[in-house]
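Engineer: for reference, the sequence and a predicted model appear below.
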Amino acid sequence: MLSVLCACAGPYQYYEGTGLHDAAAAEAAGIWEGAEQTRLTLNQDGTALVQRLDGHDFDFDQGWRLSGTGTWELTDRAGGQDVVVTMTTRTGAETREASPAVRGTFAAPLTYTWRFYARRDAHRSLELFFFFGDPDIGNRYLLRHATASSSTAATS
């Protein structure tokens, strides 16, 4: 039984966080950009604007991308800080090609919550990311502050 559990354990399944505990809400606020015209605006008042943001984990494989409004907060857990974005009103939904492993058509959700892990890059700038797709692979969906981003693909 133990060998079966070990064979299925990818990096995300036991990921506790980045260990970052020094980010401030003011630093997290602003405009974030990612791959394929993804944009996330985190306002100082705790409101958020989501534009073309993909789902996390296996939801990514369904191929929908959401736009809408909602709220955000910077949380601090034992494993590190996270930015939690909750889209409460969907204003748009787009699709990209779903993963070949996924069969069927999936309706985009009306509301959705993302948990972004917070980390620092080599220049000590804040970055936000979540895991997408199969957790055994450990793919990261990365967002960078618009001023620190060159608006290019942002997955690593």
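Structural biologist: Perfect, thanks for sending it. Numbering: from 1, shown residues only.
Engineer: could you use CA atoms for every contact and neighbour count after this?
Structural biologist: OK.
Engineer: buried sites along the longest strand belonging to the chain?
Structural biologist: Scanning the chain for the strand with the most residues, using DSSP state E, yields strand 80-95. For strand 80-95, burial by neighbour count (16 or more other Cα atoms under 10 Å) applies to 80-87, 90, 93.
Engineer: for the residues you listed, which one is nearest Gly19?
Structural biologist: Of all the buried residues of strand 80-95, Gly80 has the smallest distance to Gly19: 4.2 Å, by Cα to Cα.
Engineer: center of this structure - which residue?
Structural biologist: Phe130 (3.9 Å; Cα atoms, centre = their mean).
Engineer: would you say that one is within a strand?
Structural biologist: Yes. Counting by DSSP: H, G, I helix; E, B strand; the rest coil, Phe130 is found in a strand.
Engineer: residue boundaries of the strands in the chain?
Structural biologist: Going by DSSP E, the chain shows strands at 30-33, 39-42, 47-54, 64-77, 80-95, 112-120, 126-132, 139-145.
Engineer: how about the ones you listed, which one is nearest Phe106?
Structural biologist: Set against Phe106 and scored by Cα to Cα, those come closest in strand 64-77, at 7.8 Å.
Engineer: please pull out the lowest mean pLDDT helix or strand from this protein.
Structural biologist: Sorted by mean pLDDT, DSSP states H and E, the helices and strands of the chain end with helix 2-8, the least confident at a mean of 38.
Engineer: on that earlier part again, surely the residue nearest to the centre of the chain touches Leu143?
Structural biologist: No. Here Phe130 does not reach Leu143: they are 9.0 Å apart, not a contact under Cα atoms under 8 Å.
Engineer: mind listing what the residue nearest to the centre of the chain touches?
Structural biologist: 56-57, 114-117, 140-142 (Cα atoms under 8 Å, 6 or more residues apart in numbering).
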